[in-house]
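Trainee: what follows is a predicted protein model with its sequence.
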Amino acid sequence: MQIVSTVKQSIALPGHHAPAAGFEAPFEMLSACHERVERSLALMTRLQQHLLSHGLDDSARQAAGDVMRYFDLAAPLHHRDEELHVFPPLLTGSDPRIRETVQRLMADHRQMETAWSTARLALAGVVESSPQAWSPLTPEQTQALAKFAALYGRHIEDEEHLVYPAAQAGLSTAARQAMSEDMMARRGVKIKT
């Protein structure tokens, strides 16, 4: 069973139909990142099922590596984008509900970082083991993966349906352009002049 290719096929995720977005549309890009988060979490779930059914094989190691790569590289950049450009103006805004939500989302980012370090250890064990030396995930490892995945549900929902629309409404064209350029620079993408 090729779990990586199976999961990389189109997955219908209700409420998150992000278009192929570029940095010139930063909020669409942030939403597209959420879709990739959900795809990576789905891959992590399928990986666990695959390990139970088939044990460790090359497909499982590749899937674990793909999940690790996303959450090691792309997810921290996404969180940084939000903390630099989306959250600050909302924290100084007049809506107490949005301020409270943004504060919780920032706390979520810290919890995600901590939970990822534990979940990553379980995935690294899959990547680094050989089929002969591998032992199934422990209940603690399975729980660490589930805890990490659970942190994203409400978080993404609040960003997509409350925080991003509020931030977009208050962001000037110049600020949106600066946001785009910063996102590109942090990722090493050349800015077209």
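Mentor: Here it is on my side, so go on. Residues are numbered from 1 along each chain as shown.

Trainee: any idea which residue sits dead centre in the chain?
Mentor: The centroid of the chain falls nearest to Val37 when counting by C-alpha atoms, centre = their mean (3.4 Å).

Trainee: before we move on, what SS does that residue have?
Mentor: The three-state label given to Val37 by DSSP: H, G, I helix; E, B strand; the rest coil is helix.

Trainee: I'd assumed Ile156 was in contact with it.
Mentor: Yes. Under the contact definition of C-beta atoms under 8 Å, Val37 touches Ile156, with a separation of 6.9 Å. Yep, even glycine has a C-beta here, placed from its N, CA and C like the rest.

Trainee: tell me, what's touching those two both at once?
Mentor: When C-beta atoms under 8 Å, 6 or more residues apart in numbering defines a contact, no residue borders Val37 and Ile156 alike.

Trainee: wait, what's in contact with the spatially closest residue to Gly93 that is not a sequence neighbour?
Mentor: What sits nearest to Gly93 in space, not counting adjacent residues and going by C-beta to C-beta, 6 or more residues apart in numbering, is Arg99, at 6.5 Å. With contacts defined as C-beta under 8 Å, 6+ apart, Arg99 is in contact with 90-91, 93.

Trainee: let's see 10 Å
Mentor: Applying C-beta atoms under 10 Å, 6 or more residues apart in numbering, we find Arg99 in contact with 87, 90-93.

Trainee: so which of the residues you listed are in helices?
Mentor: Members of these lying in helices (criterion: DSSP state H): 87, 90-91.

Trainee: give me the ChimeraX select line for those residues, limited to the buried ones.
Mentor: To isolate the buried ones among these in ChimeraX, judged by 16 or more other C-beta atoms under 10 Å, type:
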select :87,90
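
Trainee: just the closest of the ones in helices among the contacts of Arg99 to Leu121, please.
Mentor: Of all the ones in helices among the contacts of Arg99, the one with the least separation from Leu121 (C-beta to C-beta) is Phe87, at 29.1 Å.

Trainee: for that closest one, give me its contacts.
Mentor: Listed by C-beta under 10 Å, 6+ apart, the contact partners of Phe87 are 79, 81, 98-99, 101-103, 105-106, 109, 159, 163, 167.
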